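Chemist: Sequence and predicted model, in that order:
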Amino acid sequence: MSLSLTEIQRHRGELLERARAERAEVKAVLNSQSNLLWLADRGLEVIKFCAARKGLLLIAALAFAVVQPRRALRWALRAWGLFRLVRKISRVFA
């Protein structure tokens, strides 16, 4: 089942052409999703920024609770529900 050199070269050429076409397709998909990827990167930066400044977040939350206590309570209840949901999901997949 030995392949001749010309068959190997032909097969190599086909593979190279297929790889070029797949790279072009991946590039087109990534270019069409560039805004979404940019948004995800910015979201990660915001999360890292907030995680590094926990005291600032606490002060902002306290100020919000003082200015609008009912709305702050509603947000706190939503956040607590979201936290419980995430923990439940993480336990299922862990």
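Modeler: It's in. Residues are numbered from 1 along each chain as shown.
Chemist: And A40, what's its pLDDT?
Modeler: We note a pLDDT of 88 for A40 in this prediction.
Chemist: Give me the contacts around the one helix or strand it maps to.
Modeler: A40 belongs to helix 34-52 when assigned by DSSP states H and E. Here helix 34-52 makes contact (CB atoms under 8 Å, 6 or more residues apart in numbering) with L30, L57. C-beta coordinates here come from the backbone N, C-alpha and C atoms, glycine included.
Chemist: Centre of the chain to stretch 56-64, how far?
Modeler: Its chain's C-alpha centre and that of stretch 56-64 lie 27 Å apart, by CA atoms, centre = their mean, to the nearest Å.
Chemist: and what of stretch 79-88?
Modeler: Using CA atoms, centre = their mean, the offset of stretch 79-88 from its chain centre is 19 Å.
Chemist: Could you do stretch 29-41 as well?
Modeler: 10 Å.
Chemist: for stretch 37-48, same thing?
Modeler: For stretch 37-48 - counting by CA atoms, centre = their mean - the centre lies 8 Å from the chain centre.
Chemist: Please save the CA atoms from that stretch in CSV.
Modeler: What follows is stretch 37-48, C-alpha atoms only, in CSV (Å, rounded to 0.1, in the frame of the first residue of the first chain):
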residue,chain,number,x,y,z
LEU,A,37,-15.4,39.3,21.5
TRP,A,38,-14.6,43.0,22.3
LEU,A,39,-17.6,43.2,24.6
ALA,A,40,-16.6,40.0,26.4
ASP,A,41,-13.0,41.3,26.9
ARG,A,42,-14.4,44.6,28.3
GLY,A,43,-16.7,42.6,30.6
LEU,A,44,-13.7,40.7,32.0
GLU,A,45,-11.8,43.9,32.5
VAL,A,46,-14.7,45.4,34.5
ILE,A,47,-15.0,42.3,36.6
LYS,A,48,-11.2,42.3,37.4
